[in-house]
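Colleague: Okay, here's the prediction I keep looking at, along with the sequence it came from:
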Amino acid sequence: SGSEFEAIASQLVEKVNANEDGVVYYDLFKQDETTYVFLEKYKDQEAQDAHGKTDYFRELGAQMGPFMAGAPEIKVLQSV
């Protein structure tokens, strides 16, 4: 359910913000009943790469998997 996904995803948001100095912004938003969006901003590519290698990202990402319809859609945006 959405609340179960939110509980896992919220743990990820908390751990990322507490442990990753290279993260400028990391939060979860709900678009509708079944669509969630992580908004992420990193100081540089190295910080973004390090994020995906953390133990908690791998562990919690695996826990979120069963709630997802497939691979996440990733959009890379440029600051203006």
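Modeller: Structure received. The model shown is predicted, which means the values in this text are computed figures rather than measured ones.
Colleague: average pLDDT across the longest helix belonging to the chain?
Modeller: For the chain, the helix with the greatest residue count under DSSP state H is helix 2-19. Mean pLDDT, computed over helix 2-19, is 97.
Colleague: mind starting the numbering at 5 from now?
Modeller: Okay, using 5 as the starting number, the last item reads as helix 6-23.
Colleague: packing partners for the helix or strand just after that helix?
Modeller: Of the helices and strands lying after helix 6-23 in sequence (DSSP states H and E), the nearest is strand 27-36. In this structure, strand 27-36 packs against helix 6-23, strand 39-46, with contacts taken as 3 or more CB pairs under 8 Å, 6 or more residues apart in numbering; DSSP states H and E. Heads up, the C-betas are built off the backbone N, CA and C, glycines and all.
Colleague: can these go into JSON lines with extra columns for distance to Y29?
Modeller: As requested, the helices and strands packed on strand 27-36 are exported to JSON lines (distance: least, CB to CB, whole Å):
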{"stretch": "helix 6-23", "distance to Y29": "9"}
{"stretch": "strand 39-46", "distance to Y29": "4"}
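Colleague: Throw those into TSV and include distance to E63 and mean neighbour count, thanks.
Modeller: Shown next, in TSV, are the helices and strands packed on strand 27-36 (distance: least, CB to CB, whole Å; neighbours: other CB atoms under 10 Å):
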stretch	distance to E63	mean neighbour count
helix 6-23	9	14
strand 39-46	16	14
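Colleague: closest one to V84 among those?
Modeller: The closest approach between V84 and any of the helices and strands packed on strand 27-36, judged by CB to CB, belongs to strand 39-46 at 13.3 Å.
Colleague: Mind giving me the packing neighbours of the helix or strand just after that closest one?
Modeller: Toward the C-terminus, strand 39-46 is succeeded by helix 49-56 as the next helix or strand (DSSP H and E). In this structure, helix 49-56 packs against strand 39-46, with contacts taken as 3+ CB pairs under 8 Å, 6+ apart.
Colleague: Quickly run through the sheet partners of the strand it packs on, with directions.
Modeller: As defined by DSSP bridges, the strand partners of strand 39-46 come to strand 27-36 (antiparallel).
Colleague: Okay then, goodbye and thanks.
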